[in-house]
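Trainee: model this:
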Amino acid sequence: MSRLILALTAVASLAASLPGIAADKSNHPSTTVPGAPTGPMVPRSTLSELKTLSAPGATAKFPVDLTLTDDGKNKNCVVAVDWGDGSGDPAMAIPSFPAKLTHTYLKSGLMPAKVTGVKTCTGMVQTTVKVMEVNSAPITSSLTSVIVSPSPLMVGQSSTVTVKLSGNTANCVVDWDYGDGTQLPGAHINGGALSDQRLKTYTSTGTYTVKAHGKQSCAGDVQTSVTVNAPAVGQQGSGNVPWNGNGPKPITIQAIAMVTPPPYTVGQTVQWKITGVDGAACNFGLSQGNNTFSNQLAPAGSPQAATANVLDKVINFPLTKAGLAIFGAQPDPTAAVACLGGAQTTILVQ
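Mentor: All right, here's what the predicted structure looks like:
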């Protein structure tokens, strides 16, 4: 018996000498690991485990309530909150479950909110909060459709994207998304017009979803699909803008003529020209070798004819790479006076 008592005494003495383990008054072990909170160890089975995080649709600059639930143990705990907009709280006290977490978002978009257990609760839950912008003006108009013309398109071919609206569009703003990674946010509708037009040239084949989103005084989301094909060699039309009958009739573009005959090779400088019916000065999109930019076409008999782009004036262009190259002239509907007609031709460069 004396040997047993001596052995138990030695074990107790050894346990007391080990670092990191102590005993509280209830004889439960407690942690004393450096840097960790002190106090009785909590068995993992008694911790609340976070289960769900949910949120309704939110409006920017107004509070939104996220609902946090646990596994039913309903213990108070501390969590780290990431609101998904670049802000958060690393130690938010949760007195009970289900809990309401309130936050005001200052910008619109999809916010990936996340909550992680820190103390006396475990787990991580997340949700996406859809935050909508706040309209600063009464809704007086709406978007009705968006149209791409011509359709289908070819790579390098300039197109006209038109959004149509109804109502009073005086304070309307439209966000454009062309579906190929390029966007035009915050475009105002000028003069209360019931349509707005943009020029767009796609550089790769595929099917693209073109979207327009109304905000401020106009509402609505409209979209359409456009297919972009590889260009074919030869002459094609490139859309048309009707003349409204006001003022002198603008120049009408009818065709693109390649002055230099084929074959075409890399390093060669080719000559081409725009042909059609002369008229008043107007704006058009000029395509050279797949690069499109806006320019003005002047009447052949005008004082600017010596230096300006005019009908039947020879244009020089160096061919720098093999493949299909597009030369074209199409009306620029964003200008005060757009040219009429439009045409383009595609050549094969070897």
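
Trainee: what's the burial count for residue 171?
Mentor: By other Cβ atoms under 10 Å, the residues close to residue 171 number 18. For glycine as for every other residue, the C-beta is placed from the backbone atoms N, C-alpha and C.

Trainee: so what's it up against?
Mentor: With contact set as Cβ atoms under 8 Å, 6 or more residues apart in numbering, residue 171 has these partners: 137, 140, 216, 217, 218.

Trainee: for the residue lying closest to it once chain neighbours are set aside, which residues are in contact?
Mentor: Leaving aside its sequence neighbours, residue 171 sits nearest to residue 217 (Cβ to Cβ, 6 or more residues apart in numbering; 3.7 Å). Residues in contact with residue 217 (Cβ under 8 Å, 6+ apart) are 135, 137, 138, 139, 140, 141, 168, 169, 170, 171, 172, 173.

Trainee: roughly how far apart are residue 217 and residue 140?
Mentor: Separation of residue 217 from residue 140 (Cβ to Cβ, to the nearest Å) stands at 5 Å.

Trainee: ditto for residue 211
Mentor: Going from residue 211 to residue 140 by Cβ to Cβ gives 22 Å.

Trainee: quick one: the helices in the stretch 101-250 of the chain?
Mentor: In the stretch 101-250 of the chain, no helices are defined using DSSP state H, counting those that start in this stretch.

Trainee: out of the helices and strands in the chain, which is least certain?
Mentor: strand 29-31 (a mean of 36; mean pLDDT, DSSP states H and E).

Trainee: what's around residue 307, how many residues?
Mentor: 8.

Trainee: which neighbours do residue 217 and residue 140 share?
Mentor: 168, 169, 170, 171, 172.

Trainee: what subset of the residues you listed is buried?
Mentor: Neighbour counting by 16 or more other Cβ atoms under 10 Å classes 169, 170, 171, 172 among the shared contacts of residue 217 and residue 140 as buried.

Trainee: which among those residues gets closest to residue 333?
Mentor: residue 169 (16.7 Å; Cβ to Cβ).

Trainee: what is the mean pLDDT for stretch 252-262?
Mentor: Stretch 252-262 shows a mean pLDDT of 92.

Trainee: hmm, who's touching that stretch?
Mentor: Under the criterion Cβ under 8 Å, 6+ apart, residues 235, 268, 270-277, 279, 284, 297, 314, 327-331, 339-345, 347-348 lie in contact with stretch 252-262.

Trainee: buried sites along that stretch?
Mentor: 252, 253, 254, 255, 256, 257.

Trainee: so which of these comes closest to residue 163?
Mentor: Using Cβ to Cβ, those come closest to residue 163 at residue 253, 24.5 Å.

Trainee: relative to residue 89, how far out is the nearest residue to that closest one once chain neighbours are set aside?
Mentor: Nearest non-adjacent residue to residue 253, counting by Cβ to Cβ, 6+ apart: residue 341, 4.0 Å away. Distance, residue 341 to residue 89, by Cβ to Cβ: 62 Å.

Trainee: more neighbours: these two, which one.
Mentor: Higher neighbour count among residue 341 and residue 89: residue 341, with 22 against 15, using other Cβ under 10 Å.

Trainee: what's near enough to touch that one?
Mentor: 240, 252, 253, 254, 276, 277, 331.

Trainee: picking that back up, could the buried ones among the shared contacts of residue 217 and residue 140 be laid out in JSON lines, adding distance to residue 48?
Mentor: Shown next, in JSON lines, are these (distance: Cβ to Cβ, whole Å):
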{"residue": "169", "distance to residue 48": "53"}
{"residue": "170", "distance to residue 48": "55"}
{"residue": "171", "distance to residue 48": "50"}
{"residue": "172", "distance to residue 48": "50"}
